[in-house]
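> Attaching a predicted model along with its sequence, questions to come.
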Amino acid sequence: MFPCDFAWGAGSAAYQIEGGWQADGKGPSIWDTFCHEKGRVFGDQNGDVGCNSYELWEKDLECIQQLGLTHYRLSLSWARLLPDGTTRRVNQKGVQYYNKVIDDLLACDVSPMVTLYHFDLPQALQDQGGWKSQSIATLFDNYAKFCFQTFGDRVKLWLTINEPYVCAKLGHEDGIHAPGFKEPGIAAYLAGHNMLRAHAMAWHSYNSTYRTTQKGAVSLAINSDWFEPLRAGCAEDIAATERCFAFTLGWFAWPVFVTGDYPEIMRSAIDAQSKKLGYNSSSRLPSFSKEEPAVLGTADFFALNYYTSRKVEPGGGCGKVLSIKTDRDAGQVLDPSWPICGVSWLAVVPYGLRKLLKHIKYTFNNPAVYITENGFSQVGPLQIEDVQRSEFYKDTILEVAKAIQEDGVNGDGVRGYFAWSLLDNFEWADGFSVRFGLFHVDFADANRRQRMYHSGREYAKMISEYKRKKSNTGQKVLS
Ligand code: PNW
């Protein structure tokens, strides 16, 4: 049973698809810098051209229409709109580009869901300290206000920051995403903290200045795997599983949805390791200042990016150096029965999404939920008949239906599902070697020829079936 206004979408992100990295006055972002350094990305590839959506947007729109999407999730490139990251100078060509995208979508009866930040910080702001710097929150808030002001008459679903976890950990702890810092156990907590501050400020700005006239909703996209104990009923494994949740989902969802602060499990684990390793400052995980706008309650819905699941046992806590892994003290393994798709981190576990939705319902007080990302990747030669991915989408969407129907994740419940991704695109550190698209993109072709995968056809069928039933039954819709 999918509600009558269920959102059927697909997603993308500016740096992954747009190209036009220097076009019409765009400023450089940290991903431009990162990719242009040798040895950072698979094959030293970059998003200079990407899917060339900056020039070929109309073709993307055709793909969106062929799928029959009701919603399209895109992100804005901060440095395309504000080349040096500040509102001192607005790049009107950038504004025009996004105005056209948004207007075209609406003219086709597709609602935009817009992410303000999807990993691509203006380089000018990185040069001033980036997410590690306190002042980034105000700069982000100014950028957010500019976007609400400029596009908010038409955009009703906003995401401030995509996956602060990935941005903090992969960018500041592991160094495999831009800005490429390897400062384990310290920088990620600081960057994550400033992302939460930035998000909260932007939400408050929307709430106090734009909400009454624009009537939209604002959240942040939080990624989490589904975690379960390796040995069912084993107390150590259960405790380790709780730590995994605290250090992933809880890190960003707890402050926003539960207490206004980090999960107690997380803080005490970090403090204990600091002590053990003789790190004097107890403040690796910063605290929220009472002087600043509260972070609690700064989401109008829960935006979940779900990809995979993990079995958990204790492990890693004996590390001799500071790191998130040492703090978390939990090892994550894959169940051998789970098939692997494309990339090694991505085991196919559709039921994990159902369990996670139920977990979110009970942990975060039954919020409205949009699944803002979920997908399946391919590597290797072109397989237009991607049967395995088609099965993945069918199985996963069935699990969403079960969550709604059998677990009672309804009422406010699940409001929408966004497949990742509309197009094959620049998959960050994996470059173009990993393909998540519902459409194949030929990156050797100057026109970036697009071809719908079998999975795209299947997803389109599911959506049209939903629309058909909706027009027959009016209110509630049988899946
Ligand atoms: C998400 N990992 O990022 C992003 O939001 C998308 O832009 C991306 O294309 C998608 O997932 C698929 O990867 C992730 O290495 C990037 O664990 C890397 C990881 C997870 C998520």
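Everything's here; your move.
> okay, CA-based contacts and neighbour counts for the rest of this
Will do.
> burial of the nearest residue to Ser219 once chain neighbours are set aside, as a residue count?
Sequence neighbours aside, Ala299 is the residue nearest to Ser219 in space, at 4.4 Å (criterion: Cα to Cα, 6 or more residues apart in numbering). For Ala299, the count of nearby residues is 23 (other Cα atoms under 10 Å).
> Next up, the contacts around Ala299.
203, 217-220, 256-257 (Cα atoms under 8 Å, 6 or more residues apart in numbering).
> now stretch 147-162: how far from the chain's centre is it?
16 Å (Cα atoms, centre = their mean, to the nearest Å).
> so which strand or helix has the residue of the chain most remote from its centre?
Most distant residue from the mean C-alpha position of the chain: Gly278, 35.1 Å away (Cα atoms, centre = their mean). Using DSSP states H and E, Gly278 falls within no helix or strand.
> Just the ones in helices from the contacts of Ala299, please.
203, 256-257 (DSSP state H).
> Let's see if you can find the most crowded of the residues you listed.
Trp203 (30 neighbours).
> residues in contact with the closest residue to that one other than its chain neighbours?
Closest residue to Trp203 apart from its sequence neighbours, by Cα to Cα, 6+ apart: Thr298 at 5.8 Å. Contact analysis of Thr298 by Cα under 8 Å, 6+ apart lists 199-200, 203-204, 219, 256-257.
> returning to what we had before: could you report the distance from the residue nearest to Ser219 to Lys358?
To Lys358, Ala299 is 19 Å away according to Cα to Cα, to the nearest Å.
> picking up where we left off before, would you list the ones in helices among the contacts of Ala299 in CSV and tack on distance to Val110 and pLDDT?
Listed next are those as CSV, based on distance: Cα to Cα, whole Å; pLDDT from 0 to 100:
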residue, distance to Val110, pLDDT
Trp203, 24, 99
Val256, 29, 98
Phe257, 29, 98
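> Phe443: which of the residues you listed is nearest?
Of all the ones in helices among the contacts of Ala299, Trp203 has the smallest distance to Phe443: 37.7 Å, by Cα to Cα.
> Now that the closest one has come up, it's in contact with Val218, right?
Yes: counting by Cα atoms under 8 Å, Trp203 does reach Val218; the two are 6.4 Å apart.
> In CSV, list the C-alpha atoms belonging to stretch 140-155.
The C-alpha trace of stretch 140-155 is given here as CSV (Å, rounded to 0.1, in the frame of the first residue of the first chain):
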residue,chain,number,x,y,z
PHE,A,140,26.7,27.8,4.4
ASP,A,141,23.7,29.6,6.0
ASN,A,142,24.2,32.5,3.7
TYR,A,143,24.4,30.2,0.7
ALA,A,144,21.3,28.4,1.8
LYS,A,145,19.4,31.7,2.3
PHE,A,146,20.4,32.7,-1.2
CYS,A,147,19.1,29.5,-2.6
PHE,A,148,15.8,29.6,-0.7
GLN,A,149,15.4,33.2,-1.8
THR,A,150,16.2,32.4,-5.5
PHE,A,151,14.6,29.0,-6.0
GLY,A,152,12.3,28.5,-3.1
ASP,A,153,9.2,29.8,-4.8
ARG,A,154,9.3,26.6,-6.9
VAL,A,155,11.4,24.1,-4.8
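> quick one: buried residues of that stretch?
The neighbour-count check on stretch 140-155 (16 or more other Cα atoms under 10 Å) flags 140-148, 151-152, 154-155 as buried.
> Just the ones in helices from these, please.
140-148, 151.
> Closest to Ile324 out of those residues?
Closest to Ile324, out of all of these and judged by Cα to Cα, is Phe140, at 25.8 Å.
> how close does the closest one sit to His199?
In terms of Cα to Cα, Phe140 sits 8 Å off from His199.
> So for the helix or strand encompassing Glu399, what gets flagged as buried?
Applying DSSP H and E as the criterion places Glu399 in helix 387-405. Neighbour-count burial for helix 387-405 flags 389-390, 392-394, 396-404 (criterion: 16+ other Cα under 10 Å).
> Any chance you could list what contacts it?
1-2, 348, 350-351, 353-355, 357-358, 375-377, 409-410, 413-414, 454-456, 458-459, 479.
> Mind giving me the ChimeraX command for buried ones among those?
Buried subset of the contacts of helix 387-405, written as a ChimeraX selection, criterion 16+ other Cα under 10 Å:
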select :1,2,348,350,351,353,354,355,357,358,375,376,377,409,410,413,414,454,455,456,458,459
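> Now do the helices in the stretch 51-200 of the chain.
Remark: helices assigned in the stretch 51-200 of the chain by DSSP state H, counting those that start in this stretch are 53-67, 78-81, 92-107, 123-126, 136-151, 164-172, 187-205.
> the inter-axis angle of the third one versus helix 53-67?
An angle of 10 degrees separates the directions of helix 92-107 and helix 53-67 when computed by axes from the mean of the first three to the mean of the last three Cα atoms, to 10 degrees.
> before we move on, what about the longest one?
Helix 187-205 runs at 70 degrees relative to helix 53-67, counting by the same axes, to 10 degrees.
> Could you check the angle helix 187-205 makes with helix 164-172?
Using the same axes, to 10 degrees: helix 187-205 against helix 164-172 is 140 degrees.
> Run through the neighbouring helices and strands of helix 187-205.
Packing contacts for helix 187-205, counted by 3 or more Cα pairs under 8 Å, 6 or more residues apart in numbering; DSSP states H and E, involve helix 136-151, strand 157-162, helix 164-172, strand 217-223.
> Would you confirm that Pro13 contacts Asp120?
Pro isn't right for residue 13; it's Ala. No: the pair Ala13 / Asp120 is not scored as a contact, 9.4 Å apart, by Cα under 8 Å.
> which intervals of the chain have sub-threshold pLDDT?
Across the chain, the ranges flagged by pLDDT under 70 are 281-282, 411-412, 474-479.
> go with 80
Along the chain, segments meeting pLDDT under 80 span 1, 280-282, 410-412, 473-479.
> number of nearby residues for the spatially closest residue to Asp60 that is not a sequence neighbour?
Nearest non-adjacent residue to Asp60, counting by Cα to Cα, 6+ apart: Ser53, 7.1 Å away. Other residues near Ser53 come to 20 when the count uses other Cα under 10 Å.
> wait, Ser53 sits on Cys63?
No: the pair Ser53 / Cys63 is not scored as a contact, 12.0 Å apart, by Cα under 8 Å.
> before we move on, back to that, compare the helices and strands packed on helix 187-205 and give me the one nearest Asn91.
Across the helices and strands packed on helix 187-205, closest to Asn91 is helix 136-151 (Cα to Cα), at 12.0 Å.
> Can you name every helix or strand that the closest one contacts?
Looks like helix 136-151 contacts helix 187-205 (3+ Cα pairs under 8 Å, 6+ apart).
> any residues touching the helix it packs on, and which ones?
131-134, 136-138, 140-141, 144-145, 160-161, 164-165, 167-169, 171-173, 218-220, 252, 284-286, 293-295, 298-299.
> if we can go back for a sec, quick check, nearest of the ones in helices among the contacts of Ala299 to Thr115?
Nearest member of the ones in helices among the contacts of Ala299 to Thr115, counting by Cα to Cα, is Trp203, at 12.9 Å.
> Please tabulate the ones in helices among the buried residues of stretch 140-155 in a markdown table, including the columns distance to Val101.
Below are these laid out as a markdown table (distance: Cα to Cα, whole Å):
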| residue | distance to Val101 |
| --- | --- |
| Phe140 | 22 |
| Asp141 | 23 |
| Asn142 | 22 |
| Tyr143 | 19 |
| Ala144 | 18 |
| Lys145 | 19 |
| Phe146 | 17 |
| Cys147 | 14 |
| Phe148 | 16 |
| Phe151 | 11 |
